[in-house]
Structures are given as structure tokens and as C-alpha cells.
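Trainee: return atomic coordinates for the entry below.
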Amino acid sequence: MAGAGDSRPWRGRHPGWKGIEGVTKKLLLALLSVSAADAAVAQTTATRPPVVGTIPRPEGEGALGALGGVVRRIGVRVGVDASYESNVFGVSEAVARARGGNQALDDFQISPSLQLDLQVPFGRQSAYLRGSLGYDFLLRNKQLNRERIALDGGANLSLSGCSVTPNASYARSRSNAGDIFAIIPDPALVPDPFRIRNNVQTSYSYGAQVQCGGAIGLSPTFGYRHSELRNSAPLLKFNDSNQDAFDASIGYQRPSLGRISVFGSYSRGEFIARDIFFRRRGDPSFNGNALDGVENYSAGIRFERDIGSRAYGSISAGYSWANPNSPFSQRFRGSTYDLSLSLRPSNKLAVDLAVSRSANVANAVFASFAVTELYSLNASYRVNDRLGVSFGSSLQKRDFRQSGVTNDFARALSDDEFIRAYGAVNYDLNRRLRLNALVSQQRRKAADPAFGFNNTTVSVGASLALGPLTGTR
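Mentor: Numbers count the residues shown, from 1 in each chain. Prediction:
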């Protein structure tokens, strides 16, 4: 898995409780939000796919220039998208019927945004900032109007024979519909399932990777990353978490072979507002010295290689030990793996493939961690100088390891699957003005049909490039 600081630029007291009328006690459900610790995983549950690389530019425009050396890139665009979603709340039909049909599930949305793709070289070093700033305005469900921020910045440095890549990221948005699930079958404890979607999730992280050694020979690496996640809804604050992760490897590399290494990693995540008995901070019985969370140890082997200037691949396989703090949560002992492949077979086509299995803090209600499998394929193709298309699909499987103490009073989701497929088109009217369109289908499946839902997103928009056009399109 590439580190967050990868220098390869082309790799891309409960609030307002109330019951739901018309449903028997056994079917009463509360919808709570979860968020994945890993940003890549979190994006698979979003209605819009992540931006994967850049649609390749025609020969001579520096599309691949960054692979051979650092180039200056100044990409600033202002845009607006108009979209329709068939299920903005991400609820099942059963839950929607429980509301008596008074809540509109589909909605129209207007989303202005500022998109950034900046890279500035200084000597043999460079600094970068990528991401977007925007706001979502909904036509019917105005209570869901929220900002949407995703920024990632850092530097690629060369110090005393080592490459150093410090990096920081910040994200803030309304919780994804795909991270909602029902848990509490008690009419006295059921919040409005539609109000819970007002939750704003904020995450930020910082860290660095250091790799030393020459082009040939032994090459050690070291890395550290600190991550924090916070929720705005009082009910969900007991999902707030901190995590620290360390990794190290020793490998051998040469241009004709690539790099092969053995690695080890350690991470510790804690839910800062709940203890191992799932008592919330502020509760008189809360024991802050026994926080819920998980320790994770991993070891394995990794192989990485550049194949000319048009392909990069990385594959790792190992074994992980996940030890939850809670004595009621099941441990994990098993294999983990990560495969990422980025192909640029021509100046027109770009393909990115990712496959992984990991055990991480899940920030899921009544779960200490989750074992997550992810499969994704994204591609983009530039038909001509003006027209580009992109498409892809992803499958995410999550196995939540709950604290057993909760089973007496809560109905917790044990596992789920989230599938997304999309197709998109963009057309450059000129060197500054671009039109775009997107169709995306999301489906969530679980053993209990109350957790499942379908959602279709259709979007059209336009954006305008600001500033110099050198190195951008």
C-alpha cells in the first residue's frame, strides 16, 4: 500500500430521542453513522467516486512529465454540479415505510466547489496541495445542507541521501449514506433515523515516510501517522477516535528488479469517549483508563516495481494480530494483503486497480474494529483533445467485531457489502471551460434486509480553469 506521503503524483445525554410510529417493538430501529479509519475505504461508500489520477493529456503537454522529474503544476478550477439522488438518506424501504411516507427520500442538490491541484518545485524538492472545497445545497431536505472539504498536502524532500515525504490531510462532510446502520430495538431509545444523517464527520491526519539508500542496494524505510476522527452529532461522539500507526521495512532494490522488502507495522486506536463497557464520557461510571479500542500488529513481505514510465505495481502479503481492548470483542488472527497497480499504456488511457484486506479501527457503533476487504477498478480514457470518459466499480466488505456486552440491549450489524459502479464524461469547450456528467449506482447488502438500500446518482456540471494553464488541462 502506498503511504499517504507517496511521492508518485499519478497514483493516484442522548439528543432528541423519539420513537417511530407504526412499527412494532421488535422492528424499531435506530440509524447510526460509522466511518472508516482508512480514507480510501471511506470513499467507497460515497455517492461520487474519487478522482483517480488525471485523464491523460495529448503528447507534448507534460502528461507524464512528473514521472521523469518534478514539474510545476497550477490547477485551480471553480465549478458547480447539479445532481439528483434517489435515496439521500440511505435507508431501506422498510424504514422509509415506517415513517409513513412523509419523508422525501429523493432530492436535488446544487454543489459549488473550488478544486485545487498544485505542485511547486524548488530545486530537487517539491511541495503540493490537492483537493476541493465545496458546499451541498439540497432542494427539499435543507437540514442536510453541509460543507464538503477534502484537502491533502505535503512535500517531496531529499535530505542526506534519504527521501522524506511529510504529509497532512483534512476532510469534513456529511456522513455517507453507505455508513449508516440500525442497532437499537427499543422504542424508548430510537432517534429519528432521518435526523441522524445530519452528522458532520471531520477527520485529519499527519505523518511522514522516510526511505534511505541509493538506487542499488539495501533500502530501509520508516513511517509514522497520527489520525483523528470527530462527529458533530452528540449521539455519535462516542465514535470519536484517535489512532497512531508506525511502520518499518528493510529491502533490497535495483532498477531492473524493483524493490523487495520485509516489513512490520504497529497501530493503536482508541475511542476517546467510551470505555470497554461502552459507557460514554460524562457518565458517572465512565472509566477513562480503560478505553475501547484495538492494537494491531502486522508483518509480511512486499514487492514494488516501476515498469518503465507507464506502470507501477506494489503487492504485499502478511499476517495481522488485532487485539481489542474490550474483553467482549472477538480478536482477529489472519492474513492481510494489498495490491495496487497503476497503468498508463498510452497517453490516452489510465487504469488503476486496488485489492486489499486489513483490520482497522472501524469507528462503528458497538464495534471495536472491522476486517475490511476492498476491490476497486477505475479507468479513464481521453477520446480526443476535448472529450474524456472515466468509469469504474468497487466492492467493499466489512466484518464488524462488536463488543459482546452490547448484545443484551442492541441489535448490531455483523457485516455488510457496499457496491458502487459509475460512468462519467467530461468535455472541454475550450482550454478553460469544461462540462461534465456522471451516473453512479450504489447498493448496500446485509443479511438483515433492514440494513440494505439502493441509490442512484445523476449529475451534470461545469467548471472553469483559473490562472495559468501551463501543465494543466
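Trainee: how about residue 299, nearest residue that isn't a chain neighbour?
Mentor: Sequence neighbours aside, residue 264 is the residue nearest to residue 299 in space, at 4.7 Å (criterion: CB to CB, 6 or more residues apart in numbering). Placement of C-beta: from N, CA and C, glycine included.
Trainee: show the model's pLDDT score for the one you found.
Mentor: Looking at residue 264, its pLDDT is 95.
Trainee: what's opposite it in the beta bridge?
Mentor: Bridge pairing for residue 264 (DSSP bridges) gives the partners residue 248, residue 299.
Trainee: low pLDDT regions in the stretch 1-150 of the chain?
Mentor: 1-45, 49-70, 95-103 (pLDDT under 70).
Trainee: go again with 90.
Mentor: Scanning the stretch 1-150 of the chain with the threshold set as pLDDT under 90 gives 1-75, 87-106, 122-125, 140-144.
Trainee: number of nearby residues for residue 321?
Mentor: 14 (other CB atoms under 10 Å).
Trainee: neighbours of residue 122, how many?
Mentor: 10.
Trainee: swap in residue 254?
Mentor: By other CB under 10 Å, the residues close to residue 254 number 13.
Trainee: same question, the one 3 residues further on
Mentor: By the criterion of other CB under 10 Å, residue 257 has 11 neighbours.
Trainee: need phi/psi at it.
Mentor: Residue 257 adopts backbone torsions of phi -110, psi -40, taken as degrees, to the nearest 10.
Trainee: ok, and the closest non-adjacent residue to it?
Mentor: Closest residue to residue 257 apart from its sequence neighbours, by CB to CB, 6+ apart: residue 305 at 7.3 Å.
Trainee: ok, that neighbour to residue 292 distance?
Mentor: Distance of residue 305 to residue 292, given as CB to CB, to the nearest Å: 40 Å.
Trainee: more neighbours: which of these two?
Mentor: residue 292 (28 against 16).
Trainee: how close does the more buried one sit to residue 275?
Mentor: 6 Å.
Trainee: where's residue 127 relative to residue 224, distance?
Mentor: Counting by CB to CB, the gap from residue 127 to residue 224 is 20 Å.
Trainee: right, I mislabeled it, should have said residue 316
Mentor: Distance from residue 316 to residue 224, by CB to CB: 18 Å.
Trainee: do residue 124 as well
Mentor: According to CB to CB, residue 124 stands 24 Å off from residue 224.
Trainee: quick one: the residue nearest to residue 257 is in a strand?
Mentor: Yes - membership of residue 305 in a strand is supported by DSSP: H, G, I helix; E, B strand; the rest coil.
Trainee: and the pLDDT for it?
Mentor: At residue 305, pLDDT is 88.
Trainee: if I read this right, it contacts residue 340, doesn't it?
Mentor: No - the pair residue 305 / residue 340 is not scored as a contact, 11.8 Å apart, by CB atoms under 8 Å.
Trainee: overlap of the contact sets of those two?
Mentor: 313, 314 (CB atoms under 8 Å, 6 or more residues apart in numbering).
Trainee: pretty sure residue 272 contacts residue 240?
Mentor: Yes - using CB under 8 Å, residue 272 is in contact with residue 240, at 5.5 Å.
Trainee: for the stretch 101-250 of the chain, which segments are assigned as helices?
Mentor: Taking DSSP state H, counting those that start in this stretch, the stretch 101-250 of the chain contains no helices at all.
Trainee: next: the stretch 301-450 of the chain.
Mentor: Counting by DSSP H, counting those that start in this stretch, one finds no helices in the stretch 301-450 of the chain.
Trainee: any weak-confidence spans in it?
Mentor: 305-312, 324-331, 344-347, 359-371, 398-416, 431, 444-450.
Trainee: repeat that with 70
Mentor: Ranges of the stretch 301-450 of the chain meeting pLDDT under 70: 363-366, 403-413.
Trainee: rewinding a little: of residue 316 and residue 224, who's got more company?
Mentor: More neighbours surround residue 316 than the other of residue 316 and residue 224, with 20 against 14 (other CB under 10 Å).
Trainee: ok, the more buried one - contacts?
Mentor: Going by CB under 8 Å, 6+ apart, residue 316 touches 1, 263, 300, 301, 302, 303, 337, 338, 339.
Trainee: from residue 262, how far off is the fourth one?
Mentor: Note on residue 301: its distance to residue 262, by CB to CB, is 5 Å.
Trainee: now residue 79
Mentor: Separation of residue 79 from residue 262 (CB to CB) stands at 45 Å.
Trainee: was I right about residue 437 contacting residue 459?
Mentor: Yes - judged on CB under 8 Å, residue 437 makes contact with residue 459 at a distance of 6.8 Å.
Trainee: more neighbours, the two?
Mentor: Legend: neighbour count by other CB under 10 Å for residue 437 and residue 459, higher for residue 459 (20 against 14).
Trainee: contacts for the one helix or strand the more buried one maps to, please.
Mentor: Taking DSSP states H and E as the criterion, residue 459 maps to strand 453-466. Contacting residues not belonging to strand 453-466 are listed as 47-48, 75-88, 90-93, 111, 115, 177, 431-444, 472 [CB under 8 Å, 6+ apart].
Trainee: only C-alpha atoms, please: export it in CSV.
Mentor: Written as CSV, here are the backbone C-alpha positions of strand 453-466 (Å, rounded to 0.1, in the frame of the first residue of the first chain):
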residue,chain,number,x,y,z
PHE,A,453,-30.6,0.2,0.3
ASN,A,454,-30.2,1.3,-3.3
ASN,A,455,-29.3,4.8,-4.5
THR,A,456,-28.8,6.2,-8.0
THR,A,457,-26.9,9.5,-8.5
VAL,A,458,-27.1,11.5,-11.8
SER,A,459,-25.1,14.7,-12.0
VAL,A,460,-24.2,17.4,-14.6
GLY,A,461,-21.9,20.3,-14.1
ALA,A,462,-19.4,22.8,-15.4
SER,A,463,-16.1,24.1,-14.3
LEU,A,464,-13.8,27.0,-15.2
ALA,A,465,-9.9,26.9,-15.0
LEU,A,466,-8.4,29.9,-13.3
